[in-house]
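S.K.: Sequence first, then the predicted structure:
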Amino acid sequence: MSSRGHSFATMPMLFCKSMVTKTSTRVTHETCDLRRHTLQDIDQVFRLASDPAVLQSIGGAPPSREDAWHRLLRYAGHWSLLGFGMFAVFERATNQFIGEVGLADFQRDLGDHFDGVPEAAWVFTGRSHGKGFALEAMTAALDWFDRQAVSSRSVCMIEPRNTASTRLAEKLGFTYYARGCYRSHDVYQYERMRPDHQPPERPSACKAAPVVADESGLAT
């Protein structure tokens, strides 16, 4: 993975979709806005991580405020040390915080084809599911990522039951390439190449997309 640092001043608020210029890092759309987190977002980060729909999708116990604080600091660390990271997403019509999207290096210990490669992640409040926000916001984040040329390849991991995230990943251009195990749970690993790059060669057995049996909510 190659990375290139940027100052905070050169990466202002991002807006989902529409007008893009070569001299601007802004992408506009009528439905949602993206920006990097600030210290004032701690309450919103905590509420999102505690949202019943989020907990149902990703499992685990409800987080503490301390957990949310560590999550916020991790986001800031990504931007400071790696030059990319997660964005806070706001519904433009209401200016309400509805989720988070972006790319990160979470050090999952999933192997050389995954670790160290920017990982796409998305998570949204239950009330915002099914409205197209995730697709628009992640499209904007990936467009920014591609323009910065941070890496020619990105990845994501999805539990087999999470068909909503599987469909979203495929719409975003991710393709299945391997099966793995993360924290004792089976996961499917997906990859996406920057449009000006070709995907790496894989054994034919790795190319077939998995068959997913049931429905689930959107998750990281």
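M.R.: Now that the structure is in, tell me what you want to look at.
S.K.: okay, CA-based contacts and neighbour counts for the rest of this
M.R.: OK.
S.K.: got any ranges where this structure has weak pLDDT?
M.R.: 1-30, 198-220 (pLDDT under 70).
S.K.: do that again at 50, thanks
M.R.: 1-26, 205, 212-220 (pLDDT under 50).
S.K.: mind listing what's buried in the longest helix seen in it?
M.R.: Longest helix of the chain, by residue count under DSSP state H: helix 65-82. Of the residues in helix 65-82, 65, 68, 69, 71, 72, 74, 75, 76, 78, 79, 82 count as buried by neighbour count, 16 or more other CA atoms under 10 Å.
S.K.: which strands and helices sit next to it?
M.R.: For helix 65-82, the elements it packs on are helix 42-50, judged by 3 or more CA pairs under 8 Å, 6 or more residues apart in numbering; DSSP states H and E.
S.K.: Which other helices and strands does the helix it packs on contact?
M.R.: helix 65-82, strand 96-104.
S.K.: possible to save these as JSON lines with distance to residue 31?
M.R.: Below are these laid out as JSON lines (distance: least, CA to CA, whole Å):
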{"stretch": "helix 65-82", "distance to residue 31": "24"}
{"stretch": "strand 96-104", "distance to residue 31": "11"}
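S.K.: Excluding chain neighbours, give the residue nearest to residue 168 in space.
M.R.: residue 135 (6.6 Å; CA to CA, 6 or more residues apart in numbering).
S.K.: Could I get the phi/psi values of the one you found?
M.R.: When read as degrees, to the nearest 10, the backbone of residue 135 gives phi -60, psi -50.
S.K.: contacting residues around it?
M.R.: 168, 171, 172 (CA atoms under 8 Å, 6 or more residues apart in numbering).
S.K.: Look up how far residue 165 lies from it.
M.R.: The spacing between residue 135 and residue 165, counted by CA to CA, to the nearest Å, is 10 Å.
S.K.: ok, back up a step: give me the subset of the contacts of residue 135 lying in helices.
M.R.: Using DSSP H, the contacts of residue 135 in helices are 168, 171.
S.K.: What count of nearby residues applies to the residue lying closest to residue 62 once chain neighbours are set aside?
M.R.: Of all residues not flanking residue 62 in the chain, residue 50 sits nearest, at 5.6 Å (CA to CA, 6+ apart). Neighbour count of residue 50, defined by other CA atoms under 10 Å: 18.
S.K.: Residue 50 against residue 60, yeah?
M.R.: No - assessed by CA atoms under 8 Å, residue 50 is found out of contact with residue 60, at 10.5 Å.
S.K.: Show me the strands in this structure, by range?
M.R.: 14-15, 32-36, 86-91, 96-104, 119-124, 153-158, 175-182, 185-193 (DSSP state E).
S.K.: In CSV, list these along with distance to residue 131.
M.R.: Supplementary listing: the strands of the chain in CSV, determined by distance: least, CA to CA, whole Å:
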stretch, distance to residue 131
strand 14-15, 17
strand 32-36, 11
strand 86-91, 11
strand 96-104, 11
strand 119-124, 11
strand 153-158, 20
strand 175-182, 23
strand 185-193, 24
